[in-house]
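Student: From the sequence below, what's the structure:
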Amino acid sequence: MDDINVMQDQETGKGRLQINVISAADSRPVADARIAVSYTGVPEQTLEQVITDRSGQSEVLTLDAPPEAWSLDPDNERQPYSEYTLNISAPGYEPVSIAGAEILADVKAVQNVRMRPDDGGREEEEVFVIPAHTLYGDYPPKIAEAEIKPVNESGEIVLSRVVVPEYIVVHDGSPRDSTAKDYYVKYKDYIKNVASSEIYATWPAEAIRANVLAIMSFTLNRVYTEWYRNIR
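Tutor: Numbers count the residues shown, from 1 in each chain. Got it, this is the predicted structure:
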């Protein structure tokens, strides 16, 4: 029996989560927002319930997660993170539900939430579902493309040199899909979001730094060559 308990202890870890809530109208912190945390697989069973402070921040929660070693082993096929669902409500705002928040062992995750003001008394819940991490989920292969691309003047914005933009345009679909929406996203937020979906925060600092530099280089190449615009 003792051996079984030791094995179970080795198969679990602890991760941390903090939620930051702001208004989508003016980016001000939303105080007294109520946040219910549950396992994504069991959304009706609340594990933790917290309320944001004057800065719109929750306390740092400690949540169960798989052992850190799972996210460091390239041959591991088990899901190296736990998935949680967050239900957020606040007076004067439409409720928000986020399913699939990923928690890794021994690191702190920060979930930012933007709540829309409730105009007209309706309370339509805004639902977000975070897909499986790219290192764990089953995704189609990347579309093949030439390593060296010609830089042609498009007649619109032609950059004379590589610059770091404040915003970039994210096309939510295939580059050839003209029906997909375009979104303006802050450059630093885009890099952060891509890094979070492509690597694990448990990796050594040197590996994280190398991957972030590769993501930045790839993104700036897209901006400079206007590649997406040119292939439509």
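
Student: count of residues packed around Tyr200?
Tutor: If you count neighbours by other Cβ atoms under 10 Å, Tyr200 ends up with 20. For glycine as for every other residue, the C-beta is placed from the backbone atoms N, C-alpha and C.

Student: Please look at it and Tyr136 and confirm they touch.
Tutor: No. Using Cβ atoms under 8 Å, Tyr200 is not in contact with Tyr136; the gap is 9.4 Å.

Student: Between these two, which contacts overlap?
Tutor: Counting by Cβ atoms under 8 Å, 6 or more residues apart in numbering, the residues touching both Tyr200 and Tyr136 are 80-81.

Student: hey, where'd the strands end up in this structure?
Tutor: Per DSSP state E, the chain carries strands over the ranges 13-23, 34-39, 46-51, 61-65, 82-89, 96-103, 108-115, 126-129, 167-171, 182-186.

Student: distance of the most centrally placed residue in the chain from Val212?
Tutor: Nearest to the mean C-alpha position of the chain, by Cα atoms, centre = their mean, lies Asn193 at 5.0 Å. As judged by Cβ to Cβ, to the nearest Å, Asn193 and Val212 stand 12 Å apart.

Student: Overlap in contacts, these two.
Tutor: In contact with both Asn193 and Val212: no residue, using Cβ under 8 Å, 6+ apart.

Student: Just the local confidence number for Arg232, please.
Tutor: The score at Arg232 is 47. That number is its pLDDT.

Student: right, I mislabeled it, should have said Gln8
Tutor: The model reports Gln8 with a pLDDT of 40.

Student: State the distance from the residue nearest to the centre of the chain to Trp203.
Tutor: Applying Cβ to Cβ, the value for Asn193 to Trp203 is 17 Å.

Student: picking that back up, which one of the strands of the chain lies nearest to Asp75?
Tutor: Proximity to Asp75, assessed across these by Cβ to Cβ, is greatest for strand 13-23 (18.7 Å).

Student: Can you give me the buried ones in the closest one?
Tutor: Using 16 or more other Cβ atoms under 10 Å as the test for burial, strand 13-23 gives 13, 15-17, 19-23.

Student: How about stretch 25-44?
Tutor: 30, 33, 35-40.

Student: Equivalent analysis for stretch 168-184, please.
Tutor: Residues of stretch 168-184 classed as buried by neighbour count (16+ other Cβ under 10 Å): 168, 170-171.

Student: measure it end to end?
Tutor: 6 Å (Cα to Cα, to the nearest Å).

Student: Kindly export stretch 105-118 (C-alpha atoms) in CSV.
Tutor: What follows is stretch 105-118, C-alpha atoms only, in CSV (Å, rounded to 0.1, in the frame of the first residue of the first chain):
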residue,chain,number,x,y,z
ALA,A,105,3.6,21.8,-12.9
ASP,A,106,5.9,24.2,-11.0
VAL,A,107,5.1,27.2,-13.2
LYS,A,108,2.7,30.1,-12.9
ALA,A,109,0.1,30.6,-15.6
VAL,A,110,-1.6,34.0,-16.1
GLN,A,111,-5.0,34.2,-17.7
ASN,A,112,-6.1,37.6,-18.9
VAL,A,113,-9.8,38.2,-19.3
ARG,A,114,-11.6,41.1,-21.1
MET,A,115,-15.2,41.5,-20.0
ARG,A,116,-17.7,43.3,-22.2
PRO,A,117,-20.0,45.8,-20.4
ASP,A,118,-23.6,44.6,-20.2
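
Student: ok, back up a step: how close does the residue nearest to the centre of the chain sit to Pro29?
Tutor: Applying Cβ to Cβ to Asn193 and Pro29 gives a distance of 21 Å.

Student: Number of residues surrounding the residue nearest to Ala31 when sequence neighbours are not counted?
Tutor: Nearest non-adjacent residue to Ala31, counting by Cβ to Cβ, 6 or more residues apart in numbering: Arg54, 5.0 Å away. Arg54 has 8 neighbours, counted by other Cβ under 10 Å.
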